[in-house]
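Q: Quick one, fold the following:
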Amino acid sequence: MFSIGILELLIICALALVILGPEKFPKLAKELARLIHQLRSVKDDVQKQVSSINDEASAILQKKPSTKNKNDKS
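A: Modelled structure (predicted):
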């Protein structure tokens, strides 16, 4: 998704540590990790639902007979 390298990540963490201080930084990191985990979980659930709906729609379309008129050339 993002192409952040190790060096960039270390710089961001160092800046956050300097700005927030050693007391608040671990709490923020823990909350951020929890948020990322929840977002991934939601993303996975949405992907499963979309896939399920797509599978159902494909099954319905395969069962449905063609409604085109034989004289219709479009």
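
Q: drop to CA atoms for contacts and neighbour counts, all remaining ones
A: Noted.

Q: Can you tell me how far residue 49 is from residue 42?
A: 11 Å (C-alpha to C-alpha, to the nearest Å).

Q: same question but for residue 14, I mixed them up
A: 30 Å.

Q: same check, this time on residue 15
A: Residue 15 is 29 Å from residue 42, by C-alpha to C-alpha.

Q: The residue nearest the centre of the chain: which element?
A: For the chain, the residue nearest the mean C-alpha position is residue 43 (3.7 Å; C-alpha atoms, centre = their mean). Assigned by DSSP states H and E, residue 43 belongs to helix 6-63.

Q: Could you pull up the mean pLDDT of that helix?
A: The average pLDDT within helix 6-63 is 92.

Q: What helices and strands are in contact with that helix?
A: For helix 6-63, there is no helix or strand it packs on, judged by 3 or more C-alpha pairs under 8 Å, 6 or more residues apart in numbering; DSSP states H and E.

Q: Would you pull up how far it lies from the middle of the chain?
A: 7 Å (C-alpha atoms, centre = their mean, to the nearest Å).

Q: Stretch 3-12 now?
A: Using C-alpha atoms, centre = their mean, the offset of stretch 3-12 from its chain centre is 21 Å.

Q: for stretch 54-67, same thing?
A: For stretch 54-67 - counting by C-alpha atoms, centre = their mean - the centre lies 28 Å from the chain centre.
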